[in-house]
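[1] let me see the structure of the following:
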Amino acid sequence: MKNPNFGAAVALALAGLSGAAGPVSAQPAPPLRISMTADIRSTEPGVNRDSNSDAVVMHIVEGLVAYGEDAEVRPLLAKSVDISPDGKTYTFTLRDGVTFHNGKPMTSADVLWSWQHYNAANSGWRCASEFDGRGSVKVTRVEAPDARTVVYHLDKPTSLFLASLARIDCGGTGILSRDSVGADGAWIKPIGTGPFELAEWKRGEYIRLTRFAGYANLDGKRDGYTGSKRPLVDEVRFMIVPDDSTAKAALQRGNIDIIEDVSNNDVPVLQNTPNVKVAYAPVMSMTALLLQTKDPVLANPKLRLALAHAIDYKQLAAAVTEGLAQPNNSIVPLVSPYYDAAQKQGWDYDPARAAKLLQEAGYKGQPLTILTTKRYPQSYNSAVIVQAMLQAVGVNAQLSVVEWATQLDRYNAGTYQMMTFPYSARLDAALNYEMVTGDKAKQPRKVWDNADALKLVEAASVDSDRAKRQASFDQLHKLFLADVPSIPLYNGLDIGAFRSNIKGYQPWAVKKPRAWEVERVGP
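    Sure thing, here's the model as predicted:
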């Protein structure tokens, strides 16, 4: 049962962080307070994770490479990366002078230990399957010939190895100090090389990070997860504020500095709020209606096509995003360099055709349940609108609203009929397809189990030639429209609202908050 005093309790806790009590000269600088809609699941990179977990962890750990602002992969803890002519050997030269939060220097031995930790049996690392042959590549051997060199050997060439290492849902394959685990191997906390270190996780309330004074910053400007990442505040608190109205009120009062994921319908109000600014950036994330093709009813491709033609995508995208986003039926995001004329083709909104296809599919009014969660308002609102549109053509669509943790577990297990689901950003079109394509017997979370599609994804994952990759993506989109394993709805926007005395906060393409290079310029 929902606690009727919950909002007041959160507001009281936020007010306690305002630093308003007592003489100003006696108060330390307040922390940079960033609101999040839900608590993190864990602090271990890529393990028992979700989007919020990734966002926090990526302030603490860093990998050999990382995504830049333009979605290109660049060195981070590596000074350079050399690729052998056959594309199967990657040699990383490590930067000098990098230390962990515990003061120990980072060496190639730490890279090797971290890799072994992630890939140990039953480690729970989400991305183990991406490097053991189940995904696009198999790492056959990792060597550390000296303290500053690490060599990865692959079984075949791939254009996605570095992009996979950099993936945010993999925790950026962050390099960890072995002190991150106990003598028994049990996880303690992330001890990384990032600009902030974990100080406290008060479950259900906040995650407190403190500035790492020994951070080895890269020169230059801010550049995604690489580039300059100076910690300009002493403390960052990710505040758990599930209620949007409480977060907005706290921002207006100055008890919260940043709302990192603003609902589209809150933009007009916040734009007209004194001392508050709003910033936008197009993102490569995707909201989709997933269809379980193993379900007895949805196994019929004609029925799935009927569902696709029952949805008015323009109306849905406009309603859910307050007219800010455009619909997109392609797995390739609108802002991707691989989004071309072929990707613009989608399913027409045609209720009459949808009704005819339902009849041809032999649909007899069986209930079809759409799983959703209120954790992500746009995703939930999409489910409500989709339900109404499906009902309008004769589909017995029902809504099941669950907690986010439950939905994520059901997604990973593949135990649903339909669900609206928000995918995190992938910064390469092949990775966008990889996140949905695969053998369901091995990876139940995959939605598209098609042998021809798997071959095309593999080709795009190996080819470095731009034209050949584009041809693969165009063929994939044509196959996807015919199979309808899921229904992409739209790509979103990263919308952030922040106090006017906060300088340097910028939304960006992967829809994750970044607390580095951010500072408070006034009271």
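
[2] C-alpha only now, for contacts and for neighbours.
    OK.

[3] helices of the chain, start to end?
    Along the chain, the stretches classed as helices by DSSP state H are 6-15, 51-57, 108-118, 161-166, 244-253, 267-271, 301-309, 313-320, 351-360, 377-392, 404-413, 429-434, 451-462, 466-483.

[4] between those helices, which gets nearest to Ser180?
    Closest to Ser180 of the helices of the chain is helix 108-118 (CA to CA; 9.9 Å).

[5] need the helices of the chain in JSON lines (columns: mean pLDDT and distance to Leu64).
    Rendered in JSON lines, the data for the helices of the chain read as follows (pLDDT from 0 to 100; distance: least, CA to CA, whole Å):
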{"stretch": "helix 6-15", "mean pLDDT": "49", "distance to Leu64": "37"}
{"stretch": "helix 51-57", "mean pLDDT": "96", "distance to Leu64": "15"}
{"stretch": "helix 108-118", "mean pLDDT": "98", "distance to Leu64": "9"}
{"stretch": "helix 161-166", "mean pLDDT": "92", "distance to Leu64": "8"}
{"stretch": "helix 244-253", "mean pLDDT": "93", "distance to Leu64": "36"}
{"stretch": "helix 267-271", "mean pLDDT": "90", "distance to Leu64": "37"}
{"stretch": "helix 301-309", "mean pLDDT": "98", "distance to Leu64": "42"}
{"stretch": "helix 313-320", "mean pLDDT": "95", "distance to Leu64": "38"}
{"stretch": "helix 351-360", "mean pLDDT": "98", "distance to Leu64": "49"}
{"stretch": "helix 377-392", "mean pLDDT": "96", "distance to Leu64": "34"}
{"stretch": "helix 404-413", "mean pLDDT": "96", "distance to Leu64": "28"}
{"stretch": "helix 429-434", "mean pLDDT": "91", "distance to Leu64": "19"}
{"stretch": "helix 451-462", "mean pLDDT": "92", "distance to Leu64": "20"}
{"stretch": "helix 466-483", "mean pLDDT": "95", "distance to Leu64": "25"}
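
[6] per-residue confidence for Leu427?
    pLDDT, Leu427: 78.

[7] could you do the one 10 residues further on as well?
    According to the predicted model, the pLDDT of Thr437 comes to 96.

[8] begin at 32, not 1, for the rest of this chat.
    That works, and once the first residue is 32, the last one we named lands at Thr468.

[9] near Gly396, how many other residues are there?
    Counted by other CA atoms under 10 Å, the residues lying close to Gly396 total 11.

[10] separation between it and Leu388?
    13 Å (CA to CA, to the nearest Å).

[11] again with Asn79
    Here Asn79 is placed at a distance of 40 Å from Leu388 (CA to CA).

[12] list the contacts of Thr74.
    Residues in contact with Thr74, defined by CA atoms under 8 Å, 6 or more residues apart in numbering, are 84, 87-88, 220-221.

[13] list phi and psi for it.
    phi -110, psi 0 (degrees, to the nearest 10).

[14] correct me, but Leu421 touches Ile342?
    Yes: Leu421 lies in contact with Ile342 (CA atoms under 8 Å); the separation is 7.1 Å.

[15] between the two, who's got more neighbours?
    Looking at Leu421 and Ile342 with other CA under 10 Å, you find the greater number of neighbours at Ile342, namely 26 against 23.

[16] now that one. Its backbone dihedrals?
    As for Ile342, its main-chain torsions (degrees, to the nearest 10) stand at phi -100, psi 130.

[17] circling back to that earlier point, so which of Asn79 and Leu388 has more stuff around it?
    Relative neighbour count places Leu388 above the other of Asn79 and Leu388, with 20 against 15, counting by other CA under 10 Å.

[18] isn't the more buried one up against His340?
    No: with the criterion set as CA under 8 Å, Leu388 and His340 do not qualify as a contacting pair; they are 9.2 Å apart.

[19] point to the residue nearest the middle of this protein.
    Ser455 (3.0 Å; CA atoms, centre = their mean).

[20] once you drop chain neighbours, what's closest to that residue?
    Closest residue to Ser455 in three dimensions, ignoring its sequence neighbours and counting by CA to CA, 6 or more residues apart in numbering: Ser316, at 4.9 Å.

[21] return the set of buried residues in stretch 112-132.
    Across stretch 112-132, burial judged by 16 or more other CA atoms under 10 Å covers 112, 118-126, 129-132.

[22] farthest-apart pair in those residues, please.
    Comparing all pairs in the buried residues of stretch 112-132 by CA to CA, the longest separation belongs to Gly118 and His132, at 34.3 Å.

[23] what about Arg72, how many neighbours?
    Other residues within reach of Arg72 by the criterion other CA under 10 Å amount to 16.
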